[in-house]
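# what follows is a predicted structure for the sequence shown.
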Amino acid sequence: MGIQIDVVVGYPINDEVERVLGLAEAVGEPVTVSFMWEGREEAERVVLVPAATLALWEHWAPTAYPTSGAGEENRAVAQGPELSHPAEFGAFTLFRRRVGGRTAVARKGVVVAELLDPDEAHWLQEKARNVRQGFMDPKQKAAFEEFLARQAALDDQ
């Protein structure tokens, strides 16, 4: 999905967050990022989705991302206690939501992107694409599916 970048984030003195967010905004595509938060042993893998792209996906996706009890329990244990204050990184502020695990990324009071679990980002992107394609007339949809079938895999390009 989109672009993949590995980033090591040190508490706010590091401007890597600002660079990654700037890249996501510039390309308008999701960026897969691995954050190595200070004090944690394992990296947190997330997808950074620009706000406009996320709004488009959520417009076309028919339902909210389903949550499973087992996965949420394991995630809650791995993440530890929620922070009570937003985390600032350069010009950006991260607001972690207590429900759903998303993190809103704001610059000067405006949400410019969100950090999503990779599975949720993939699910949203697929649902939005499938619903959007469902609005094509049958001939256009058949031609589009034929076109996609003829395309080389991304790894082969």
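Good, I have the coordinates. Numbers count the residues shown, from 1 in each chain.

# ok, Lys127 touching Pro62?
Yes. With contact defined as Cβ atoms under 8 Å, Lys127 reaches Pro62; the gap is 6.5 Å. (Each C-beta comes from the backbone N, C-alpha and C, glycine too.)

# neighbour count winner among the two?
Set side by side, Lys127 and Pro62 give different neighbour counts by other Cβ atoms under 10 Å, the larger being at Lys127 (17 against 9).

# give the next helix or strand downstream of the host helix or strand of Gln125.
Under the criterion DSSP states H and E, the helix or strand holding Gln125 is helix 118-134. If you walk from helix 118-134 toward the C-terminus, the next helix or strand you reach (DSSP H and E) is helix 138-150.

# give me the buried positions along that next one.
Buried residues in helix 138-150, counting neighbours by 16 or more other Cβ atoms under 10 Å, are absent.

# could you look up the SS state of Ala152?
Under the three-state scheme (DSSP: H, G, I helix; E, B strand; the rest coil), Ala152 adopts coil.

# what's around it, how many residues?
Neighbour count for Ala152, taken as other Cβ under 10 Å: 7.

# residue contacts, His59?
By Cβ atoms under 8 Å, 6 or more residues apart in numbering, His59 lies in contact with Ala128.

# where do the helices sit along this protein?
The residue ranges that make up the helices of the chain, judged by DSSP state H, are 16-27, 51-60, 69-79, 118-134, 138-150.
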